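Colleague: give me a 3D structure for the following:
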Amino acid sequence: MSERNTILRSIHDLSLATWLGGDLMGAVGLNGAVAQAKDPTERLRLSSVGWGRWTPVAAAAITLNAASGLGLVLGNKSRLAVQQEARWNTVAKASLSAVAAGLSIYRGQLAKKIGRMSHEGAPGVTEPGPTTSPELARAQRHLKIYQWLTPALLGAIVVLGSQQGEQQRAVAGLLGHRLNLLGTGAAGAAVSQALKHPGVTAKAGMTAGMKAGATAAKHPGAVVKPLVTAAQHPGATMQAAKIL
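Modeller: Numbers count the residues shown, from 1 in each chain. Just a heads-up that it's a prediction; the model follows:
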């Protein structure tokens, strides 16, 4: 699998955007628009039809989001194995996605139920009237809550996805792990230590640089001579570099 996972990431992000955007459109646009219908029974019926037409698209988006998310987990299992924060982020995203999917299914069932009882009519899709039956009123109150709760959870997932992108910058643990797997010994340990403690490494580098500078000032010939030799024999210098 490609290290970049571009296709999987695109599917994952686009499916989440579709899911979130459609749910917001239903809560803001659809329910808000049909509430303006003059016939109270049409308000509930049209809302149910609208949510019904959106349901297959939402189901496809949820399925693609889950499948691509699983693919990304498998594609990044090495990084997840060494980065605890990334693991917790992935678990949180998966949990919120599962809850949001369940709420989307329940919201669809509520919309169907309201559609079956649309003959009663109501002031609004989520606002029961004085003559509304207890069953319809309960379905409307639940829809009023869950139509906003699902987008809120999806918004939290977007934030966690952004955090995952930031976490990928912190590759010290992963790089050190891979260096050790490659058997680089002291060199791998040194690089891993440098990535984990950049401040200490920078201070050590500055100290070494100052000592080297002082040595060069006292013994310029020792510094110039290797440079002259490298210029006179570039082939030998390149061969030595390859060996190193």
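Colleague: which residues sit against stretch 125-139?
Modeller: Contacts with stretch 125-139, where a contact means CB atoms under 8 Å, 6 or more residues apart in numbering, come from 31, 34-35, 40, 43-44, 47, 110, 113-114, 117, 120-123, 140-141, 143-144, 147. From N, CA and C alone the C-beta is placed, and that goes for glycine too.
Colleague: and if you look at stretch 18-38?
Modeller: Contacts with stretch 18-38, where a contact means CB under 8 Å, 6+ apart, come from 42-43, 46-47, 50-51, 54, 57-58, 61-62, 65, 100, 104, 123-127, 147-148, 150-151, 154-155, 158.
Colleague: show me this structure divided up by domain.
Modeller: 6-178, 197-243 (automatic domain parsing).
Colleague: among these, which is the most enclosed?
Modeller: Of the domains of the chain, the one with the most neighbours on average (mean count of other CB atoms under 10 Å) is domain 6-178, at a mean of 17.
Colleague: straight-line length of stretch 28-46, end to end?
Modeller: One end of stretch 28-46 to the other measures 14 Å (CA to CA, to the nearest Å).
Colleague: same question, stretch 113-125
Modeller: OK, stretch 113-125 end separation, CA to CA: 12 Å.
Colleague: would you single out the least confident of the domains of the chain?
Modeller: Of all the domains of the chain, the minimum mean pLDDT falls on domain 197-243 (a mean of 50).
Colleague: quickly note the distance from residue 72 to residue 4.
Modeller: Distance, residue 72 to residue 4, using CB to CB, to the nearest Å: 11 Å.
Colleague: show me what whichever helix in the chain runs longest is packed against.
Modeller: Scanning the chain for the longest helix, with DSSP state H as the assignment, gives helix 40-75. Packing partners of helix 40-75 (3 or more CB pairs under 8 Å, 6 or more residues apart in numbering; DSSP states H and E): helix 6-24, helix 31-34, helix 84-116.
Colleague: tell me which other helices or strands the next helix-or-strand element following it touches.
Modeller: Once helix 40-75 ends, the next helix or strand along the chain (criterion: DSSP states H and E) is helix 77-82. Packing partners of helix 77-82 (3+ CB pairs under 8 Å, 6+ apart): helix 84-116, helix 172-181.
Colleague: just want the angle from the next helix-or-strand element following the longest one to helix 6-24.
Modeller: Toward the C-terminal end, the helix or strand that comes next after helix 84-116 (DSSP H and E) is helix 134-167. Here the directions of helix 134-167 and helix 6-24 differ by 150 degrees (axes from the mean of the first three to the mean of the last three CA atoms, to 10 degrees).
Colleague: and residue 131, its phi and psi?
Modeller: Residue 131 has phi and psi values of phi -100, psi 10 when expressed as degrees, to the nearest 10.
Colleague: against residue 120, how distant is it?
Modeller: For residue 131, the distance to residue 120 equals 7 Å [CB to CB].
Colleague: over to residue 150?
Modeller: Applying CB to CB to residue 150 and residue 120 gives a distance of 25 Å.
Colleague: a markdown table for the helices and strands packed on helix 77-82, including distance to residue 24?
Modeller: What follows is these, written out as a markdown table (distance: least, CB to CB, whole Å):
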| stretch | distance to residue 24 |
| --- | --- |
| helix 84-116 | 12 |
| helix 172-181 | 36 |
